[in-house]
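Visitor: Next comes the sequence, and after it the predicted model I'd like to discuss.
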Amino acid sequence: MVLSTMRGLFNHDIAIDLGTANTLVYQSGGGIVFNEPTVIAVKDERGGRRMIAIGQEAKAMLGRTPPGIEAIRPLCDGVIADFDVAEELIKIIMGKSLKRRGLTSARVIITVPSGATEVERRAIREATENAGARRVYLIEEPVAAAIGADLPVTEPTASMVVDIGGGTTEVAVISLGGIVSSQCIRVGGNAMDAAIISHMRRAHNLHIGENNAEEIKISIGSACFPKNGKHRRMRVKGRDLVSGVPREQEVEEGEVVGSLAEPLGAIVEAVKTTLEHTIPELAADMVERGMVLTGGGGLLPNMDEVLSYATGLPTEVANEPLTCGAMGAGRTLERIGKLEHMLVH
Amino acid sequence: METKAFDDIARYAAPGRERLNELADFLDELPADRLTFTRWYGQGKGCAVGLAAALHPWFKAQGLRLEEDSTGKVCWPVYGGQSDRAAVAGFFGLTLGDMNSLLDPAGYDGALEPHPKQVAAKIRSFLDAMAPA
C-alpha cells in the first residue's frame, strides 16, 4: 500500500481513454483517477473563448446554454471534431490527473479508434503534445480494451473483443499482440441515443434531448424483448412538437428495443464481418473462447445474448467494461518495453 | 424503383388526395426492408413520409422536406412552417387521428415494420371511403 502510494507520487505516466462520450484516465499506482463525460463548456469573451466547465458539469449544460456559452463535445465518432477544444480538454485532464506534478515530464498513452485515419491520429497526438506531454504513445482502442479485459493478447491464440463506445464500435481479433482482423464502425452509444430521439419524435411527437435519450437507454433499454413479456416503463419529459409546451410521456421497453434495432444490427453485422475475415485456425480458437464485450455499450442488457445468438459463439461482458480501455492502455505503458509492438507507430 | 430527376417534376400544388395517391404508388414500389415506423428517416430506412421526402422528387417539388439536427443523425419532415406530425397532417390534409391510423404502428396492430404494400393498400382504402358518392 505504502509502496503503491509512493509509486503514484513519483509517477508522471498516465493513460487516457479519450472517448466520444466519456474520458477516463488511468495512473499507475492510482488506478482510474479521472472519469467524466467528454464535454467542455466555453464562454465567448473578447479575444477568444474561456473554459467554464468540463465533464459532468458541462454535460448538464448540453442544450441548456444561453447565447455566449456553448457546451461542446470535442470528439465526434471517436475522432477530434474541434481541435482547439480537444487540446484544452486534454490539458485540463492532464492537469487534474497529475495535480501539481510536472506536466512536462509526463509520458502519456492515449487510445485511438482502429479505423482512424492518419490525419485523425496525428490530430490526437498533436493535441496531447501541445497539452504538455513529454512523450505521447498511441494505442488502438480494441487492443487497449482487450488488455484491460485481461485477454491473453500476446499468446498465439485468438482473443476477440467487441468494444462498444460512445461514437464507435470496434471489433477485433487479436493474436500474438497484433490485430488479425478488425472492423470499426461509427455506430455506438450516441447512435443509440439518436435512434431513441428519432423514435420519440416519430412515435410520440415529443422532442427530447440527448441526456433524456441516454437516460431512457440506461433505464429501460435492452438489445432484445424481455423473455417474460413484461416490459419496463418510464415517464419521459420533453417538448410537444405540435403545441410547443412541455409534457410527459410514458415509454415502454419494447418501443426502445424496436428503435435500437438499427444501430444494434450494424454492430452485429460488424462482428459477423470480422469473423468472416478471420483465418480458420483462429476461428477455431474462438469457438471455444468466444468474445468479450467492453465499453459502455456492453452494459446494454442482453447485448451479449444477442451477439451469442447471432454468431453462435460464447459471449461475455468484461468485469469493468467502462474502464477496460483506460486500464489496458495504462498496463501497456507500465510494460512499455515488452508491449511496445502493440502501439501505433 | 423508378426515380426521376427533380427538374423533371411538374411544379404545382397537388391536393391532399393526389399526394396520398402518389404516396401509395411510391410505397407499392418500395422494397420491404426500407419501411420502419421507428423514425422519420435515417440510414436508408424510414417511415412512408420520411422516405418519400428523402427519395421521391415529386414530394420535394410539393414542398415536403427533411430537416436534421446538428449531429445529422436525427431528422424530421417540415412543410408549411410546421414540423413532424403537424407537417405531415398539413401536407396530406389529414387529421392527426387519420394520420395515426394510416401512417403509425397503431394502424397496423403495433407492427413497427409492416410491408409497404400493406400501408399502400390502407391508404387506398381510406381514399375510396372518402370518395364522393
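Guide: Right, received. Where do you want to start?

Visitor: Would you mind measuring the gap between the ends of stretch A:329-343?
Guide: By C-alpha to C-alpha, to the nearest Å, the extent of stretch A:329-343 from end to end equals 10 Å.

Visitor: buried stuff in it?
Guide: Neighbour-count burial for stretch A:329-343, counted by 16 or more other C-beta atoms under 10 Å in any protein chain shown, picks out A:329-334, A:339, A:342-343. Heads up, the C-betas are built off the backbone N, CA and C, glycines and all.

Visitor: ditto for stretch A:85-93
Guide: Residues of stretch A:85-93 classed as buried under the neighbour-count rule (16+ other C-beta under 10 Å) are A:85-93.

Visitor: Just those residues: which are in helices?
Guide: Secondary structure from DSSP state H places A:85-93 of the buried residues of stretch A:85-93 in helices.

Visitor: got the contact list for the residue nearest to the spatial centre of chain B?
Guide: Per C-alpha atoms, centre = their mean, the C-alpha nearest to the average position across chain B is that of residue B:49, at 2.1 Å. Neighbouring residues of residue B:49 by C-beta atoms under 8 Å, 6 or more residues apart in numbering or on different chains: B:23, B:40, B:64, B:77, B:88, B:91, B:103.

Visitor: Repeat the analysis, applying 7 Å as the threshold.
Guide: By C-beta atoms under 7 Å, 6 or more residues apart in numbering or on different chains, residue B:49 lies in contact with B:77, B:88, B:103.

Visitor: Also residue A:298?
Guide: A:164, A:317-318, A:321.

Visitor: Against residue A:306, how distant is it?
Guide: 12 Å (C-beta to C-beta, to the nearest Å).

Visitor: Measure how far stretch A:275-285 is from the centre of its chain, please.
Guide: 26 Å (C-alpha atoms, centre = their mean, to the nearest Å).

Visitor: Please read the previous query as pertaining to stretch B:120-128.
Guide: Its chain's average C-alpha position is 13 Å from that of stretch B:120-128, according to C-alpha atoms, centre = their mean.

Visitor: Now it: buried residues?
Guide: Buried residues in stretch B:120-128, defined by neighbour count with 16+ other C-beta under 10 Å: B:120, B:122-124, B:126-127.

Visitor: The contacts of residue A:298: which two are farthest apart?
Guide: A:164 and A:318 (11.1 Å; C-beta to C-beta).

Visitor: Looking at the two, which is more packed in?
Guide: Higher neighbour count among residue A:164 and residue A:318: residue A:164, with 28 against 23, using other C-beta atoms under 10 Å in any protein chain shown.

Visitor: Identify, from the buried residues of stretch B:120-128, the entry nearest to residue A:15.
Guide: The closest of the buried residues of stretch B:120-128 to residue A:15 turns out to be residue B:120 (C-beta to C-beta; 55.9 Å).

Visitor: could you list every residue that touches residue 21?
Guide: All of this refers to chain A. Going by C-beta under 7 Å, 6+ apart, residue A:21 touches A:37-38, A:165-166, A:189-190, A:296.

Visitor: that's the wrong chain, I wanted chain B
Guide: Residue B:21 is in contact with residue B:127, counting by C-beta under 7 Å, 6+ apart.

Visitor: give me the element it is part of.
Guide: Following DSSP states H and E, one finds residue B:21 within helix B:16-29.

Visitor: repeat for residue A:137
Guide: Secondary structure assigned from DSSP H and E places residue A:137 in strand A:135-140.

Visitor: and whichever helix or strand comes after that strand, average pLDDT?
Guide: The helix or strand immediately downstream of strand A:135-140 is helix A:141-148, counting by DSSP H and E. The pLDDT scores in helix A:141-148 average 95.

Visitor: Residues contacting helix A:141-148, please?
Guide: Contacts to helix A:141-148, defined as C-beta under 7 Å, 6+ apart, come from residues A:17, A:111-114, A:153, A:159, A:161, A:163, A:170, A:172, A:174, A:179, A:182, A:294-295, A:323-325, A:327-329, A:331-332, A:342.

Visitor: Tell me which other helices or strands the very next helix or strand once past that helix touches.
Guide: Heading C-terminal from helix A:141-148, the first helix or strand you meet, by DSSP H and E, is strand A:159-164. With contacts defined as 3 or more C-beta pairs under 7 Å, 6 or more residues apart in numbering or on different chains; DSSP states H and E, strand A:159-164 has these neighbours: helix A:141-148, strand A:169-175, strand A:291-294.

Visitor: If you count neighbours, what's buried in the longest one?
Guide: When burial is assessed from 16+ other C-beta under 10 Å, helix A:141-148 yields the following buried residues: A:141-148.

Visitor: From the chain's centre, how far out is it? Work that out for me.
Guide: 12 Å.

Visitor: Just want the angle from that helix to strand A:159-164.
Guide: Between helix A:141-148 and strand A:159-164, the angle comes out at 120 degrees (axes from the mean of the first three to the mean of the last three C-alpha atoms, to 10 degrees).

Visitor: How many neighbouring residues does residue A:53 have?
Guide: For residue A:53, using other C-beta under 10 Å, the count is 17.

Visitor: For residue A:60, which residues are in contact?
Guide: Residue A:60 touches nothing, counting by C-beta under 7 Å, 6+ apart.

Visitor: before we move on, back to that, would you mark the buried spots in the helix holding residue B:21?
Guide: B:19-24, B:26-27.

Visitor: For these, please prepare TSV with the additional fields distance to residue A:278.
Guide: Formatted as TSV, the buried residues of helix B:16-29 follow (distance: C-beta to C-beta, whole Å):
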residue	distance to residue A:278
B:19	50
B:20	50
B:21	51
B:22	48
B:23	45
B:24	46
B:26	42
B:27	41
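
Visitor: for the residue nearest in space to the middle of chain A, what are its contacts?
Guide: In chain A, the centroid-proximal residue (C-alpha atoms, centre = their mean) is residue A:165; its distance is 3.2 Å. Residues in contact with residue A:165 (C-beta under 7 Å, 6+ apart) are A:19-21, A:78, A:188-189, A:295-297.
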